Each structure stands twice: as C-alpha cells, then as structure tokens.
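**Q** quick one, structure for this:
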Amino acid sequence: MNKQRSNTQFRVPSEEVLQKAFKENHKVKNKSLTKDEFAKILQQVIKETGFSGVGAKDTLIYIFGVPITALFIKQAVMPHAVRNDYFIPGITSATVLVLAKLNKI
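**A** Have a look, this model is predicted:
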C-alpha cells in the first residue's frame, strides 16, 4: 500500500548490517550502549538500508526547503518582525503539521 501511494517507507535492515554497525560502534564490551553509540549505529543502519518511495524525498524537501525559503522571504520583507529563534522552529513545526494532515509522514 505504501508503494502504491509513494509514501515514505523504511527498509528493514538485514541481521548482518545490524551486527556490523553494532560491532563497529560499540567499543566497551559488557556495558550497555550509550546514547552516542546508539545514534551512530542508527545513522549507519539508515545509510546502508535507506528508505524508499518518492514521498521520502518530497518530505525531506518540504521539511528543509519550506523553512529556508520562508526565512529568506522574511529576511527580505521584514527582517525584525519575528526573531529567527522563534520563526524557524515555528515554520518547521507548521510544515510537519501540514505534512501529517496530508498523510505524507
């Protein structure tokens, strides 16, 4: 169903990919993973397995492209109306909300 609608879909990594990422990033044996190690493992697994669907590319373009474009427009039209510390997270949140309502993410 996700393939028919071109929605974002993460591929399930193989056991070999998971073991390889774990062995490369988990240095201290007999200890649990740290947050940094887990983040590195997750990053490596996503890079190797990737995700499918045109929706994935569209979503990334919207999540990063819309806030950047809105920031450029704001800076050109009214640079001091709203601080960038509030403007960028607000626009990003609004973009994610719209994508969620449209069932893109």
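
**Q** now stretch 97-105: buried residues?
**A** Using 16 or more other C-beta atoms under 10 Å as the test for burial, stretch 97-105 gives 99, 104-105. Placement of C-beta: from N, CA and C, glycine included.

**Q** typo on my end, it should be stretch 60-80
**A** Buried residues in stretch 60-80 (16+ other C-beta under 10 Å): 62, 66-67, 70, 74.

**Q** now that stretch: mean pLDDT?
**A** For stretch 60-80, mean pLDDT rounds to 88.

**Q** equivalent analysis for stretch 37-56, please.
**A** Stretch 37-56 comes out at a mean pLDDT of 77.

**Q** quick one on the thing from earlier: what's the closest of the buried residues of stretch 97-105 to residue 14?
**A** Residue 14 has its nearest neighbour among the buried residues of stretch 97-105 in residue 105, at 25.2 Å by C-beta to C-beta.

**Q** distance check, the closest one against residue 17.
**A** Note on residue 105: its distance to residue 17, by C-beta to C-beta, to the nearest Å, is 24 Å.

**Q** now do the helices in the chain.
**A** Ranges of helices within the chain are 2-5, 15-25, 35-49, 54-77, 84-101, based on DSSP state H.

**Q** neighbours of residue 41, just the number please.
**A** 19 (other C-beta atoms under 10 Å).

**Q** then residue 88?
**A** Close neighbours of residue 88, defined as other C-beta under 10 Å, add up to 16.

**Q** is residue 13 in contact with residue 42, as I believe?
**A** No - Residue 13 sits out of contact with residue 42 when judged by C-beta atoms under 8 Å, with a separation of 10.1 Å.

**Q** give me the more crowded residue out of the two.
**A** residue 13 (17 against 12).
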